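Novice: let me see the structure of the following:
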Amino acid sequence: MAWFKRTQKGIQTKTEDKKDVPKGLWYKSPTGKIVDAEELEENFYVSPEDGYHVRIGSNEYFQILFDDNKYKELDANLTSKDPLKFQDKKKYVDRLKEAEKKTGLKDAVRTAVGKSQGKDLVIACMDFRFIGGSMGSVVGEKIARAADYSLKHNIPFLMISKSGGARMMEAALSLMQLAKTSAKIAQLADANIPYISLCTDPTTGGTTASFAMLGDINISEPGALIGFAGPRVVRDTTGKELPDGFQTAEFVQEHGFLDFITPRSELKKKVNLYLDLILNQPVRN
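Specialist: A predicted model of the protein is given here:
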């Protein structure tokens, strides 16, 4: 005996009346929390239930940090070349074209200058979507030029790192960027220009070995992955099991490599509070 019985046979909705659920209406965090995409954006792309900080790019960070989202982008059209004629499964030039088409970005970092709480600030922000935020010649050059802009105009510099490390398709040319960016940051220090390093998820490889850990203060978002080599490499090299939370921002701070961790909703306030204090300016509310 059937418990239920259809009064009409077949699907009653006409094909032309069916609607697909548009992509991007909802976001599911790693802990399984569901949040409306519009609510997520209003909450600085942080899941309100579990505090998970969703990965965002330069557009979103500029919107958060610059007053009224107004800024002047620096060296916007700088693009990578392929002097080594690198080819693995596909040519490097083809990967660059695909990444640019997919992301709308020229490379893995964007630099800009604008006002943050009324004060001039230069920001260099990496984008993980462009070949894993890898650091090639253009990344190093744009960071160096942004530092030069800070030096010339005596403006504080904020670096937002989000990277998988050096770009293997540029080999030694990529590794040279570690020295170049570190030298520029040393010039900022000599000129007493504040340099803040913000580590976001993930900050690894050559970025960690250079500009990401050279800030006058090194700060991070909650839960960000920060390290040089991956956990598997570290475990295999040391021959030891790794502790819980290894390479999370909280673990890194506990061991003295970060000054503080700030949620994204307080990022603009905390950055400017530090600048006010170090520049001996009245603290703004």
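Novice: now do the strands in this structure.
Specialist: 26-28, 34-36, 71-74, 109-116, 119-126, 157-163, 195-203, 217-220, 260-261 (DSSP state E).
Novice: between these, which gets nearest to Val138?
Specialist: Closest to Val138 of the strands of the chain, according to C-beta to C-beta: strand 109-116, at 7.5 Å. Where you see a C-beta, it was placed from the backbone N, CA and C, and this is true even at glycine.
Novice: of the strands of the chain, flag the one that's most buried.
Specialist: Most buried of the strands of the chain, by mean neighbour count (mean count of other C-beta atoms under 10 Å): strand 157-163, with a mean of 27.
Novice: so how far is Ser210 from Ala179?
Specialist: 8 Å (C-beta to C-beta, to the nearest Å).
Novice: list the contacts for Tyr92?
Specialist: 82, 84-86, 169 (C-beta atoms under 8 Å, 6 or more residues apart in numbering).
Novice: filter those residues to the buried ones?
Specialist: With neighbours counted using 16 or more other C-beta atoms under 10 Å, those contain these buried positions: 86, 169.
Novice: farthest-separated two in the contacts of Tyr92?
Specialist: The distance between the two most remote of the contacts of Tyr92 (C-beta to C-beta) is 10.1 Å, for Lys85 and Met169.
Novice: the residue nearest the centre of the chain: what's it in contact with?
Specialist: Nearest to the mean C-alpha position of the chain, counting by C-alpha atoms, centre = their mean, stands Lys162 at 3.5 Å. Residues counted as contacts of Lys162 (C-beta under 8 Å, 6+ apart) are 55, 125-128, 133, 200-203.
Novice: how much space separates the nearest residue to Ala171 once chain neighbours are set aside from Ala172?
Specialist: Setting aside the residues directly before and after it, Ala171 is nearest to Leu84 in space (C-beta to C-beta, 6 or more residues apart in numbering), at 6.0 Å. Here Leu84 is placed at a distance of 9 Å from Ala172 (C-beta to C-beta).
Novice: okay, how far is it across stretch 96-114, tip to tip?
Specialist: End-to-end distance for stretch 96-114, by C-alpha to C-alpha, to the nearest Å: 29 Å.
Novice: surely Ser150 and Asn192 touch.
Specialist: No. Applying C-beta atoms under 8 Å as the test, Ser150 and Asn192 come out as separate, 11.4 Å apart.
Novice: for the stretch 1-150 of the chain, what spans make up the helices?
Specialist: 37-42, 58-65, 92-103, 137-153 (DSSP state H, counting those that start in this stretch).
Novice: returning to that earlier point: of the strands of the chain, which is nearest Leu242?
Specialist: strand 195-203 (16.0 Å).
Novice: the closest one vs strand 119-126, what angle?
Specialist: For strand 195-203 against strand 119-126, the angle by axes from the mean of the first three to the mean of the last three C-alpha atoms, to 10 degrees is 30 degrees.
Novice: buried residues in stretch 61-79?
Specialist: Neighbour-count burial for stretch 61-79 flags 61-62, 64-66, 71, 74-75, 78 (criterion: 16+ other C-beta under 10 Å).
Novice: Glu38: neighbour count?
Specialist: A total of 10 residues lie near Glu38 under the criterion other C-beta atoms under 10 Å.
Novice: gap between it and Tyr27?
Specialist: Distance, Glu38 to Tyr27, by C-beta to C-beta: 10 Å.
Novice: and for Asn218?
Specialist: 29 Å.
Novice: just give the closest residue to Pro282, not the sequence neighbours.
Specialist: Distances taken as C-beta to C-beta, 6+ apart place Asp276 nearest to Pro282, at 6.8 Å, with adjacent residues excluded.
Novice: correction: the previous question concerned Asn69.
Specialist: Nearest residue to Asn69, sequence neighbours excluded (C-beta to C-beta, 6+ apart): Gln63, at 4.7 Å.
Novice: against Cys125, how distant is that neighbour?
Specialist: From Gln63 to Cys125 the distance is 11 Å (C-beta to C-beta).
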